[in-house]
Structure formats: structure tokens, C-alpha cells
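# Here you go, sequence then predicted model.
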Amino acid sequence: MEMYSVVNVEKLKLFEPSMLDYEPNGTLPTVEDLVTEQEVILAEDTIVERKTITTRRGVRESFRIGRKGQRPSGAKWFSREAGQAQFPHLQF
């Protein structure tokens, strides 16, 4: 006899353990502890990430550039040529 367990997906909930279980002193984290890099606004145009990919046609460099006043999570990818054209003040 073959039996299959059936789960109603609509009834599933994400398990979130209590933060108090992991705190040895019983204190909650401060607001500064919860701030992540993505919440910080960039003060100037910045290269957030660099990526080099080697293909059969050669090496391709890509740069993730965040604009002034934007969050790093909103940075966009540019090729070296496009980045130099739009952001001549950055060091590639």
C-alpha cells in the first residue's frame, strides 16, 4: 500500500525563533545593531562591486556603481566602457 503525505501549502508558516532565546543577558539589540549597509545612503558615486568574467572571447569586467544619494542595494551594473563614459571621475 503506497501512502503519500499531503501538505496544504496555504497553511504553512515561516518559523521565526524568538530573539530572546539567543540573548544570554536578556537584552534586545539596539537600533544601531539592526542598521545594515543597505540602509546607508551613499555620499558620492561609488563602485560597490567589481566582477571579472573570463569567456572564450576574452576577459569581461563589470562594475556595480551606486549613485550619490542612492542606497548600495540600488546600484546598477556597467561595463568598463559605459562606466567610464557616465562616471569619468571614478577610478576603474
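It's in. No experiment lies behind these values; they were computed from the predicted model shown.
# going forward, measure contacts and count neighbours with C-alpha atoms only.
Noted.
# Would you confirm that Thr54 contacts Arg60?
Yes. The pair Thr54 / Arg60 is scored as a contact, 6.2 Å apart, by C-alpha atoms under 8 Å.
# ok, the two, which is more surrounded?
Arg60 (12 against 9; other C-alpha atoms under 10 Å).
# CA atoms only for the lowest-mean-pLDDT helix or strand in the chain - export them in CSV, please.
Between all helices and strands in the chain, the lowest mean by mean pLDDT, DSSP states H and E belongs to helix 31-34, at a mean of 72. Extracted C-alpha coordinates of helix 31-34, given in CSV (Å, rounded to 0.1, in the frame of the first residue of the first chain):
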residue,chain,number,x,y,z
VAL,A,31,18.7,50.3,16.7
GLU,A,32,22.4,50.7,15.6
ASP,A,33,22.9,47.0,15.7
LEU,A,34,20.0,46.5,13.3
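# so where's the protein uncertain?
For the chain, the stretches with pLDDT under 70 are 1, 19-26, 35-39.
# Now do the SS call for the residue positioned nearest the centre of it.
Nearest to the mean C-alpha position of the chain, counting by C-alpha atoms, centre = their mean, stands Ser73 at 5.5 Å. The three-state label given to Ser73 by DSSP: H, G, I helix; E, B strand; the rest coil is helix.
# how much space between it and Gln91?
21 Å (C-alpha to C-alpha, to the nearest Å).
# Let me see the residues that make contact with the next helix or strand after the least confident helix or strand of the chain.
Counting by DSSP states H and E, the next helix or strand C-terminal to helix 31-34 is strand 46-55. For strand 46-55, the surrounding residues in contact (C-alpha atoms under 8 Å, 6 or more residues apart in numbering) are 59-68, 72, 75, 90.
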